[in-house]
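J.: Sequence and predicted structure are below.
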Protein chains: 2
Amino acid sequence: MALAEFDLIRRYFAAQTPQHPFNRLGIGDDCALIDVPADSELVVSIDTMVENVHFFADVDPEALGHKLLAVNLSDLAAMGAEPFAVMLALTLPRVDEAWLAAFARGFLSLAKQYRVDLIGGDTTAGPLTLTAQVMGIVPKGKAMKRSAARVGDLIYVSGPLGGAGLGLKIKQGAYACDNAVVAIDSLERPRPRVELGLAIRDIAHACIDISDGLAADLGHILTSSQVGACLDWDGLPLPHAVRQYVRQTGDWQMPITTGDDYELCFTVPPGVMLKIPVGCQCIGAIEAEPGLRIRREGQLFKLETRGFEHFA
Amino acid sequence: MALAEFDLIRRYFAAQTPQHPFNRLGIGDDCALIDVPADSELVVSIDTMVENVHFFADVDPEALGHKLLAVNLSDLAAMGAEPFAVMLALTLPRVDEAWLAAFARGFLSLAKQYRVDLIGGDTTAGPLTLTAQVMGIVPKGKAMKRSAARVGDLIYVSGPLGGAGLGLKIKQGAYACDNAVVAIDSLERPRPRVELGLAIRDIAHACIDISDGLAADLGHILTSSQVGACLDWDGLPLPHAVRQYVRQTGDWQMPITTGDDYELCFTVPPGVMLKIPVGCQCIGAIEAEPGLRIRREGQLFKLETRGFEHFA
């Protein structure tokens, strides 16, 4: 890639002057400078998306720009953090102005929505690989950690599960249904649950965002907290199309083993139910016995390591 | 890549528990948590290295791990910042345990040297692409910016130039000499000038690290500061092998147009000469007239945009 092409890429992003008061110096120097308030902890996360691994080559670049930032903001949401800045490392095989303009539009429009400044980055030539690193703040000691679940906690999810997994099956040609657009939108344009993370951080114990699937991500909470859990499958919030898929295929594990929904899964002590935001649903409880148990239509299933086994 | 392989990769890095008191929570949650001191600004930078673009496929993986962190620490050094944390986004085509062990050794040993904790990251399957994001602190208002050069400032470099450029020519088979090992070492194992950045931040105006070559990087200072400069080529600190190269080939521009030396270039007001650390050398002065002029053996050369033109 010639130098002029790098300049072109930078033009789509570098025009951003930091708006958030924490960001004292943005793009254009060796580093960016940030003033973190004294009563807050800085919260940071990094995520990479690779062509043909995390997205299809023909994906809408505007959706891709949105999703790259969304999955990173989702990590901040899971800690109860308020985002304010992002850094972007773009590796691009070629300069396609229309692609770049759409990618930047998707990325920057979500950034603006959450008052997140793009404060720095790196642009390199190579196979399409996109890395974003996000920064947020949380009042000291208030971050929700995976290790904070306690026996007797109730387990909640912030919204419907399996929509993105269904979208992936449709994109792969493995399934077809009437309202495919909605499912594909769940896959390609996840909404990070930033406001919800802020709303629950004073009442929730442990929290995680569902990127790998409910079973795997709740599993991280269980391992970190050295507890177990029982889930009520019949109480899971599932979109209509996902219920239809399960009915037609019998594949009831799909909504809890496919990822990319980016809802939050969190645990709360009993007695705070009235404080839990509308739309969140109780799906189970934390127990002392290790492992993940799932009740469905009167039967009990047990999750062993990474596969399901019929239990009884 | 199977899940077990990701676990393997993580094993080489995730064992690190944060040692630096700023790092309150490291690898293993949705985000890392940092406590930035109230009198400091946070300083952040991100850099990517791509196979066959930034390094050869047969590069020593230990040197590669070292260099990935070194080039990022070099950006912090250029602001006068003290590093304390790094995040690592690794995209790997396959799991090669020997390669990974060596890469981690190079990366983590430099990290330990500077008391930098690896506090988070992401591991993905795909074409070999390595991104690191570093964090440091600087007392509020003390960061050295590219825009701070003033007319009348003297221009200094922190050490010899052209060693890495010569190493690249040797690796490419375009040049041969007796002490090739030293030049290749300059290319593959740059030393970030962190201590020097801390030592000069109270006396220097503008500063930048030389990653793209002295002419290009000093050019960034000139553009940001809206000034020009005159360099004295005959006063440049050049390694013996680079002097020999210039004598043999006549290519005198090489030491100022090839990058990867990672020395610092900084400007200081007249009158602080006695405070400048040993080993730094004065190579020119900031002038009001825009552009970069170079005096060499009694002739004046002028740098226009990105190429050299003979001036007089």
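T.: Perfect, thanks for sending it.

J.: list the contacts for residue A:235?
T.: A:281, A:282, A:283, A:284 (C-beta atoms under 8 Å, 6 or more residues apart in numbering or on different chains). Any C-beta I mention is one placed from the backbone N, CA and C, and that applies to glycine too.

J.: Check residue A:287 too.
T.: Listed by C-beta under 8 Å, 6+ apart, the contact set of residue A:287 reads A:151, A:227, A:228, A:229, A:230, A:293.

J.: now do 10 Å
T.: Residue A:287 makes contact with A:151, A:152, A:153, A:222, A:227, A:228, A:229, A:230, A:293, according to C-beta atoms under 10 Å, 6 or more residues apart in numbering or on different chains.

J.: Number of residues surrounding the third one?
T.: Read it as residue A:153. 24 (other C-beta atoms under 10 Å in any protein chain shown).

J.: which one of the contacts of residue A:287 has the most neighbours?
T.: residue A:229 (26 neighbours).

J.: Helix or strand: which one has it?
T.: Of the helices and strands defined by DSSP states H and E, residue A:229 is found in strand A:228-232.

J.: Can you tell me what sits against that strand?
T.: A:149, A:151, A:153, A:155, A:157, A:214-215, A:218-219, A:221-222, A:256, A:267, A:282-296, A:300-303.

J.: right, and out of the contacts of residue A:287, which lies closest to chain B?
T.: Of all the contacts of residue A:287, chain B sits closest to residue A:222, with 13.8 Å by C-beta to the nearest C-beta.

J.: That closest one looks like it's in a strand, true?
T.: No - counting by DSSP: H, G, I helix; E, B strand; the rest coil, residue A:222 falls outside a strand, being helix.

J.: I'd say it and residue A:292 touch.
T.: Yes - counting by C-beta atoms under 10 Å, residue A:222 sits close enough to residue A:292 to count as a contact (6.4 Å).

J.: Within the helices and strands, which one has residue A:283?
T.: Per DSSP H and E: strand A:281-287 holds residue A:283.

J.: Show me the common contact partners of residue A:222 and residue A:292, please.
T.: Common neighbours of residue A:222 and residue A:292 (C-beta under 10 Å, 6+ apart) are A:228, A:229, A:303.

J.: Give me the lowest-pLDDT entry from those.
T.: Note: of these, the lowest pLDDT belongs to residue A:303, at 76.

J.: Quick check: that one vs residue A:235, distance?
T.: Using C-beta to C-beta, to the nearest Å, we find residue A:303 at a distance of 17 Å from residue A:235.

J.: Same question for residue A:206.
T.: 19 Å.

J.: and what of residue A:151?
T.: Taking C-beta to C-beta, one finds residue A:151 at 20 Å from residue A:235.

J.: Leaving out sequence neighbours, find the closest residue to residue A:199.
T.: residue A:277 (5.1 Å; C-beta to C-beta, 6 or more residues apart in numbering or on different chains).

J.: So the one you found sits against residue A:195, correct?
T.: Yes - Residue A:277 is within contact range of residue A:195, at 8.6 Å (criterion: C-beta under 10 Å).

J.: for residue A:90, what are its contacts?
T.: Per C-beta under 10 Å, 6+ apart, neighbours of residue A:90: A:9-10, A:12-13, A:68, A:100, A:103-104, A:107, A:121-126, A:128-132, B:48.
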